[in-house]
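K.L.:
Fold the stuff below for me.
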Amino acid sequence: MTALSNRGIDDELTRVLKDAQEGDQLAWERLFREYYPKVRRVVRRKLDRSMRSLYDSTDFASDVMKSLAANLSRLDFASSEHLVAFLAQVAEQKVIDEHRRRHTLKRDVTRERRLDAIVSESAPVQIASHGPTASQIAQANEAAAFLLDRGSATERTIVQLRQEGHDNSAIAGRTGWNVRKVQRFLQNLQQSFQGERR
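P.N.:
Next up is the predicted model:
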């Protein structure tokens with residue numbers, strides 16, 4: 001960031017800036033109260049309609065003020081007008097950078113669609129599910145039928161309990177088997193099932 005000339009320095013601004021640079025919280029709060037609304041106005045003027053739906057002017061204004069706080073020790077301003085011009089330039093650049101980032105092909109905001117909007121020319125939006133697909137459910141049912149057709153009543157009970165989501169210790173408690181025996185049975189069953197499917 002640029003350092004501006006010290007000629008014609010506004011005494012009040014210089015004192016507040018110097019106090020803020022030295023870590024005075026009250027001085028920083030005064031700077032913030034004084035210049036934050038001006039930065040927000042600049043951001044509001046620069047945000048276009050597509051960006052307004054994604055960002056609030058306070059997002060950018062806060063980011064500008066954060067940048068000012070981070071670089072305050074390296075900056076000198078000749079007057080409050082110079083500080084306002086500097087903050088306006090930083091705010092405008094942040095909006096431009098975000099606009100460019102959001103309009104790259106990967107993140108193009110013009111390609112975004114509302115989920116509840118149904119455009120007559122296109123098909124309704126299909127929302128991806130975290131659950132299993134229909135083919136995965138069919139395969140699981142097929143596997144369960146295969147596993148239930150073989151073995152003793154206890155082994156069928158183990159398969160049913162596992163399907164219901166019980167863990168090995170719960171299955172062992174209900175069948176009277178040792179937990180390790182249940183684990184070995186399920187592992188062997190899985191291996192034999194995978195061998196049959198190949």
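
K.L.:
switch to C-alpha atoms for all contacts and neighbour counts from now on
P.N.:
Noted.

K.L.:
Helix, strand, or coil at the residue nearest the centre of the chain?
P.N.:
For the chain, residue 54 is the residue whose C-alpha lies nearest the centre (C-alpha atoms, centre = their mean; 13.2 Å). Under DSSP: H, G, I helix; E, B strand; the rest coil, the three-state class of residue 54 is coil.

K.L.:
got the CA coordinates for the helix or strand where residue 61 lies in PDB?
P.N.:
When secondary structure is defined by DSSP states H and E, residue 61 falls within helix 57-71. Extracted in PDB, the C-alpha atoms of helix 57-71 (Å, rounded to 0.1, in the frame of the first residue of the first chain):
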ATOM      1  CA  SER A  57     -21.900  -4.200   1.600                       C
ATOM      2  CA  THR A  58     -20.800  -4.800   5.200                       C
ATOM      3  CA  ASP A  59     -18.800  -7.800   4.000                       C
ATOM      4  CA  PHE A  60     -16.500  -5.700   1.900                       C
ATOM      5  CA  ALA A  61     -16.500  -2.700   4.200                       C
ATOM      6  CA  SER A  62     -15.400  -4.800   7.100                       C
ATOM      7  CA  ASP A  63     -12.700  -6.400   4.900                       C
ATOM      8  CA  VAL A  64     -11.400  -2.900   4.000                       C
ATOM      9  CA  MET A  65     -11.300  -1.800   7.600                       C
ATOM     10  CA  LYS A  66      -9.500  -5.000   8.500                       C
ATOM     11  CA  SER A  67      -6.900  -4.200   5.800                       C
ATOM     12  CA  LEU A  68      -6.500  -0.700   7.100                       C
ATOM     13  CA  ALA A  69      -6.000  -2.000  10.700                       C
ATOM     14  CA  ALA A  70      -3.400  -4.500   9.400                       C
ATOM     15  CA  ASN A  71      -1.400  -1.900   7.500                       C
END
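
K.L.:
gap between residue 40 and residue 160?
P.N.:
According to C-alpha to C-alpha, to the nearest Å, residue 40 stands 62 Å off from residue 160.

K.L.:
Great, nothing more from me.
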